[in-house]
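Participant: I'd like to go over a predicted model; first the sequence, then the structure.
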Amino acid sequence: MGRRTTITLIKCDVGSLPGHHVVPKVLLDIGRKRLNQAKKEGLINSYYVFHAGDDLELLMTHDKGENSPEIHSLAWDTFLEATEKAKKLKLYGAGQDMLKDAFSGNVRGLGPGVAEMEIEEREADPIVVLAADKTSQGAFNLPLFRIFADPFNTAGLVLEPTMMEGFKFEVLDQKERSRAILKCPEEMYELIALIGSTERYVISHVWRAVDDLICVATSTTKLSMIAGRYVGKDDPVAIIRIQHGLPALGEVLAPFLHSYFVEGWMRGSHWAPIMPVSLKDSRCTLFDGPPRLLALGFQVTEGEIVSDEDGNPLIYDLFDDPAFDLARRECVEYASIIRRMGEFEPARLPESYMEYTALSKVLEKLKDRFHPV
Ligand code: F6R
Ligand code: MG
Ligand code: MG
């Protein structure tokens with residue numbers, strides 16, 4: 001039995017500038033100070049604080065398991081302090097995702113997004129974390145499908161005996177709040193039939209079929225469902241375990257050779273090409289986007305993110321690489337095509353996606369103006 005270690009990534013938009021752009025250093029420093037203190041006290045084993053556009057991201061490893069009230073309250077208190085600072089500085093959208101006042105042991109359902117995975121450490125445990133801004137959870141459906149079920153993406157599905165047994169996908173129906181587990185390759189068509197509807201069905205976990213090894217955990221917050229109104233896109237995160245009988249680093253990154261369309265972008269109301277970017281370009285600009293995606297790689301050993309001699313976690317900025325220039329260029333080209341259409345579908349999301357946006361207010365305003373024909 002390997003050592004049990006929990007990897008937790010909790011994120012929240014607590015304020016940014018200018019507008020919904022980036023988390024300033026003052027807020028990142030609050031995250032670092034709090035997590036450094038928690039590490040000293042032995043609550044967590046290691047951490048890395050970063051931002052995906054306007055979202056403050058707290059990556060931690062610890063021994064408390066998933067849904068630990070201590071770990072969740074550490075994140076909540078950190079976001080509260082950052083919100084206070086953001087309010088003082090009148091940063092934009094200060095406390096935007098802090099949707100509830102009372103913390104009751106778990107940040108799920110309160111606004112922040114959470115991806116968590118308790119693992120039994122293998123001989124070496126390499127991990128990739130994905131973090132997106134200005135898009136929703138369904139944005140990960142396509143790449144997760146390609147990584148864990150598409151043999152044209154992942155050579156291991158046809159070359160590696162443990163992977164040939166396939167993978168199990170937990171699919172969450174965000175409308176009915178129910179879940180189902182589908183196994184690939186046997187149920188591949190049914191899986192695509194569901195997760196092709198990215199606004200409703202999202203992949204929440206993936207396990208290796210041969211031994212039920214956990215390999216993916218994603219965040220599945222639906223902010224509009226908590227708030228009952230549009231309060232920004234969910235800006236999802238995912239934790240993916242890789243290598244040694246799981247998709248290799250390069251198979252996890254291969255879907256990002258090309259850009260593809262996700263929902264989000266300006267006012268969360270448009271189809272948008274996604275752009276894989278480095279930490280330096282993790283900031284939305286053009287039409288509040290295009291939605292940006294980070295991929296960070298690291299390894300976990302004896303409960304900690306492997307660090308250098310000075311104790312700095314060794315985090316690799318995986319899209320900081322000319323190999324993804326094509327996707328970035330495609331993204332801008334797709335953006336220039338679709339933005340020509342303004343607010344006409346398919347540039348704008350269909351009406352059914354937008355029940356929590358200002359469009360519902362327009363309809364409300366005009367409701368007495370419609371007469372039977
Ligand atoms: C998208 C997003 C932004 C805002 C837009 C308007 O997730 O957060 O595109 O919707 O900048 O923001 P407000 O209404 O705050 O001026
Ligand atoms: Mg924001
Ligand atoms: Mg955001």
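Facilitator: Thanks, I have it. Ligands and ions are numbered 1, 2, ... in the order given.
Participant: quick one, what contacts residue 351?
Facilitator: Applying CB atoms under 8 Å, 6 or more residues apart in numbering, we find residue 351 in contact with residue 359. Just so you know, the C-beta spots here come from the backbone N, C-alpha and C atoms, and that holds for glycine as well.
Participant: Correction: the previous question concerned residue 108.
Facilitator: Counted by CB under 8 Å, 6+ apart, residue 108 has contacts 67, 72, 114, 221.
Participant: now do residue 71
Facilitator: Here residue 71 is in contact with 6, 8, 43-44, 60, 62, 64 (CB under 8 Å, 6+ apart).
Participant: Let's verify it: helix, strand, or coil?
Facilitator: Three-state call for residue 71 (DSSP: H, G, I helix; E, B strand; the rest coil): helix.
Participant: Find the closest residue to ligand 1 in the stretch 51-200 of the chain.
Facilitator: The stretch 51-200 of the chain approaches ligand 1 most closely through residue 134 (4.9 Å), counting by CB to the nearest ligand atom.
Participant: What is the neighbour count of that residue?
Facilitator: For residue 134, the neighbour count with other CB atoms under 10 Å is 31.
Participant: does it really touch residue 286, like I thought?
Facilitator: No: Residue 134 lies out of contact with residue 286 (CB atoms under 8 Å); the separation is 10.7 Å.
Participant: Name the residues that touch the helix or strand hosting residue 29?
Facilitator: For residue 29, the enclosing helix or strand under DSSP states H and E is helix 25-40. Residues from elsewhere that reach helix 25-40 (CB under 8 Å, 6+ apart): 14-15, 44-47, 49-51, 56, 58, 60, 74, 77-78, 81-82, 85-86, 89, 91.
Participant: Among those, name the ones in strands.
Facilitator: Residues of those located in strands (DSSP state E): 46-47, 49-51, 56, 58, 60.
Participant: Next, find the distance separating the residue nearest the centre of the chain from residue 159.
Facilitator: The residue lying closest to the centre of the chain (CA atoms, centre = their mean) is residue 237, at 1.8 Å. Distance of residue 237 to residue 159, computed by CB to CB, to the nearest Å: 30 Å.
Participant: same thing with residue 208?
Facilitator: Taking CB to CB, one finds residue 208 at 15 Å from residue 159.
Participant: Looking at the two, which is more packed in?
Facilitator: More crowded of residue 208 and residue 159, by other CB under 10 Å: residue 208, with 19 against 10.
Participant: Tell me who's in contact with the more buried one.
Facilitator: Contacts of residue 208 (CB under 8 Å, 6+ apart): 162-163, 165, 167-168, 215, 245-246.
Participant: change it to 6 Å
Facilitator: Applying CB atoms under 6 Å, 6 or more residues apart in numbering to residue 208 gives the contacts 167, 215.
Participant: ditto for residue 45
Facilitator: Residue 45 neighbours (CB under 6 Å, 6+ apart): 61-62, 303-304.
Participant: Look up how far ligand 1 lies from it.
Facilitator: As judged by CB to the nearest ligand atom, to the nearest Å, residue 45 and ligand 1 stand 33 Å apart.
Participant: thinking again about what came up before, out of the contacts of residue 108, which sit inside strands?
Facilitator: Filtering the contacts of residue 108 for strands - DSSP E - leaves residue 114.
Participant: mind putting the contacts of residue 108 in CSV, neighbour count included?
Facilitator: Output for the contacts of residue 108, formatted as CSV (neighbours: other CB atoms under 10 Å):
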residue, neighbour count
67, 16
72, 24
114, 26
221, 27
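Participant: pLDDT check: weakest of the contacts of residue 108?
Facilitator: Least confident entry in the contacts of residue 108, by pLDDT: residue 221, with 82.
Participant: contacting residues around that one?
Facilitator: Residue 221 neighbours (CB under 6 Å, 6+ apart): 113, 234.
Participant: Could I get the full set of strands for the stretch 51-200 of the chain?
Facilitator: 55-62, 113-120, 125-133, 167-173, 178-184 (DSSP state E, counting those that start in this stretch).
Participant: Need the pLDDT of residue 1.
Facilitator: Per the predicted model, pLDDT is 77 at residue 1.
Participant: Please work out how many residues are found near it.
Facilitator: Using other CB under 10 Å: residue 1 sits among 5 other residues.
Participant: Around ligand 2, pick out the residues from the stretch 1-150 of the chain.
Facilitator: Residues of the stretch 1-150 of the chain lying near ligand 2 by CB under 5 Å from the ion: 13, 20, 54, 93, 96.
Participant: most neighbours, which of the residues you listed?
Facilitator: residue 13 leads those on contacts (other CB under 10 Å) with 32 neighbours.
Participant: For it, give me its contacts.
Facilitator: Counted by CB under 6 Å, 6+ apart, residue 13 has contacts 54-55, 96-97, 232.
Participant: Now distance to ligand 1 and pLDDT too, for the residues you listed, in TSV please.
Facilitator: Below are the contacts of residue 13 laid out as TSV (distance: CB to the nearest ligand atom, whole Å; pLDDT from 0 to 100):
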residue	distance to ligand 1	pLDDT
54	7	97
55	10	98
96	8	92
97	11	91
232	4	79
